[in-house]
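Colleague: sequence and computational prediction follow.
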Amino acid sequence: MSESKEKQPLLKIDDLHVSFLTYAGKVQAVRGVSLSMQEGEILAIVGESGCGKSVTAQTILQLNPSPPSVVEGGSIELEGRNLLQLDDAKMRAIRGHEISMIFQDPMTSLNPTMRIGKQIMEAILKHQKVTKKEAYDRAVEMLRLVGLSNPEQRMKQYPFEFSGGMRQRAMIAMALVCRPKILIADEPTTALDVTIQSQIVDLMLDLRQKLKTAILIITHDMGVVADIADRVAVMYAGVIVEKGDVKEIFFHPKHPYTWGLLDSIPRPDTHGERLIPIEGAPPDLIAPPKGCPFAARCDYAMKICHEQMPEITAEGDHEVRCWLCHEFAPKVVNRYTEGKEG
């Protein structure tokens, strides 16, 4: 019995479909996404802008406005509870307490008219039965934990008095102050310079170690993924096209879209070669293609790629949706497949 409990995912998303009803038509933003996370795990969802990463993350907490958003199918289970079946009151109890989220821009996510300390204390007082003194002490402790110097003074300051990196740390403190089981980080390093990015990544790894919090990170930065993730899900046009262990994704990628993402970042083994962009644009999700969504941009596309969505091919925990993985498909050779079978 205890072994089965250990194997049960902390979070499980199964065949999730989310659309947006617009005047132009129904935008099918998320089309059959399935993911799972274990306690203390860091899972990265990567892909270009508009591929459905943030919509997936916000649907977990039911943050997409409805209308226009509609969940058309699937389930999202937190320790066996289907979050899509909970009412607003029960979801408010989960947000910030069991699942917290760091949004892309901390300046717009923090209230500019409230002191930092009051905003962090508000999260504690909302979810836990503690005194204001206890909430204050815990907020100071969390600011210290995320690496802000002189936390008592920081409690009195407003967001505009913080640098970008400090605001991001304050957002992380606010998200983690109630010790959630899952932290969703939506592009947490996008607006920061490289040095601060590295500090934020180190901080999240340190907090994962200390608090055992699982982290779902949404990003298009493959460099951040390499530094922080245990597992990776590659998303394109609302579909997970490849997922697996971070080492498998970086050293044995199987989907041409994943190859394109990796070709567009500097790597130590490229010997100064120019980065290769992915030509073309993602498909219109009001009328998504019936076949592989990447076929129109893929150098290796076959006739079947345009006509039929590929099934999932799995080797252990490494899963990919690509017709090139079919036993009858021609073998392609590039620097990710050279010297390997398939």
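Modeller: Alright, I've got the coordinates. Treat the numbers as computed from the prediction; the structure is a model and nothing was measured.
Colleague: identify each buried residue in the lengthiest helix in the chain, please.
Modeller: What stands out as the longest helix in the chain, according to DSSP state H, is helix 194-211. By 16 or more other Cβ atoms under 10 Å, the buried positions in helix 194-211 come out as 196-197, 199-201, 203-204, 207-208. (C-beta placed from N, C-alpha, C; glycine too.)
Colleague: and whichever helix or strand comes after it, what other elements does it pack with?
Modeller: Remark: after helix 194-211, the chain's next helix or strand is strand 214-219, criterion DSSP states H and E. When contacts are defined as 3 or more Cβ pairs under 8 Å, 6 or more residues apart in numbering; DSSP states H and E, strand 214-219 packs onto strand 42-46, helix 53-60, strand 182-186, helix 194-211, helix 222-228.
Colleague: would you map the strands across the stretch 151-300 of the chain?
Modeller: Secondary structure of the stretch 151-300 of the chain (DSSP state E, counting those that start in this stretch): strands at 182-186, 214-219, 231-236, 239-245.
Colleague: between those, which gets nearest to residue 72?
Modeller: Nearest to residue 72 among these is strand 239-245; the distance by Cβ to Cβ comes to 14.6 Å.
Colleague: and the closest one, what does it pack onto?
Modeller: Strand 239-245 packs on strand 25-37, strand 231-236, helix 256-263, strand 318-321, going by 3+ Cβ pairs under 8 Å, 6+ apart.
Colleague: ok, 7 Å please
Modeller: If contacts are counted by 3 or more Cβ pairs under 7 Å, 6 or more residues apart in numbering; DSSP states H and E, strand 239-245 sits against strand 25-37, strand 231-236, strand 318-321.
Colleague: for the first one, buried residues please.
Modeller: Of the residues in strand 25-37, those buried under the neighbour-count criterion (16+ other Cβ under 10 Å) are 27-37.
Colleague: tell me the contacts of the residue nearest to residue 282 when sequence neighbours are not counted?
Modeller: Distances taken as Cβ to Cβ, 6 or more residues apart in numbering place residue 237 nearest to residue 282, at 5.4 Å, with adjacent residues excluded. Listed by Cβ atoms under 7 Å, 6 or more residues apart in numbering, the contact partners of residue 237 are 51, 282-283, 285, 288, 293.
Colleague: element containing residue 70?
Modeller: Per DSSP H and E: strand 69-78 holds residue 70.
Colleague: now residue 130
Modeller: Judged by DSSP H and E, residue 130 forms part of no helix or strand.
Colleague: surely it touches residue 124?
Modeller: Yes - counting by Cβ atoms under 7 Å, residue 130 does reach residue 124; the two are 6.3 Å apart.
Colleague: quick revisit: show me the contact partners of the following helix or strand past the strand holding residue 70.
Modeller: Downstream of strand 69-78, the next assigned helix or strand under DSSP H and E is strand 81-82. Strand 81-82 is contacted by residues 75-76 when judged by Cβ under 7 Å, 6+ apart.
Colleague: on that earlier part again, closest to residue 276 out of the buried residues of helix 194-211?
Modeller: residue 197 (23.2 Å).
Colleague: apart from its neighbours in sequence, what residue is nearest the closest one?
Modeller: Counting by Cβ to Cβ, 6+ apart, the residue nearest residue 197 is residue 189, at 4.1 Å.
Colleague: ok, the one you found to residue 219 distance?
Modeller: According to Cβ to Cβ, to the nearest Å, residue 189 stands 7 Å off from residue 219.
Colleague: try residue 285
Modeller: Residue 285 is 21 Å from residue 219, by Cβ to Cβ.
Colleague: what does residue 170 give?
Modeller: 20 Å.
Colleague: of the two, which one has the most company?
Modeller: Under the criterion of other Cβ atoms under 10 Å, the comparison of residue 170 against residue 219 puts residue 170 first, with 25 against 21.
Colleague: can you check the pLDDT for that one?
Modeller: Looking at residue 170, its pLDDT is 90.
Colleague: contact partners for it?
Modeller: Residue 170 touches 110, 116, 162, counting by Cβ under 7 Å, 6+ apart.
Colleague: residue 130 now?
Modeller: If you count contacts by Cβ under 7 Å, 6+ apart, then residue 130 has residue 124 around it.
Colleague: again, only this time at 8 Å
Modeller: The neighbours of residue 130, taking Cβ atoms under 8 Å, 6 or more residues apart in numbering as the test, are 124, 138.
Colleague: one more: the one 4 residues further on?
Modeller: Residues counted as contacts of residue 134 (Cβ under 8 Å, 6+ apart) are residue 124.
Colleague: and it, how far from residue 124?
Modeller: Using Cβ to Cβ, residue 134 is found at 8 Å from residue 124.
Colleague: again with residue 19
Modeller: To residue 124, residue 19 is 36 Å away according to Cβ to Cβ.
Colleague: what bits of the stretch 51-200 of the chain have low per-residue confidence?
Modeller: Across the stretch 51-200 of the chain, residues meeting the criterion (pLDDT under 70) sit at 106-107, 191.
Colleague: just the CA coordinates for stretch 315-325, please, in CSV.
Modeller: What follows is stretch 315-325, C-alpha atoms only, in CSV (Å, rounded to 0.1, in the frame of the first residue of the first chain):
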residue,chain,number,x,y,z
GLU,A,315,11.2,4.3,-24.9
GLY,A,316,11.0,4.1,-21.1
ASP,A,317,10.0,7.6,-19.9
HIS,A,318,11.1,9.3,-23.1
GLU,A,319,7.9,9.9,-25.3
VAL,A,320,7.7,11.6,-28.7
ARG,A,321,5.0,12.3,-31.3
CYS,A,322,6.7,12.0,-34.6
TRP,A,323,6.3,9.9,-37.7
LEU,A,324,10.1,9.7,-38.0
CYS,A,325,10.0,7.3,-35.0
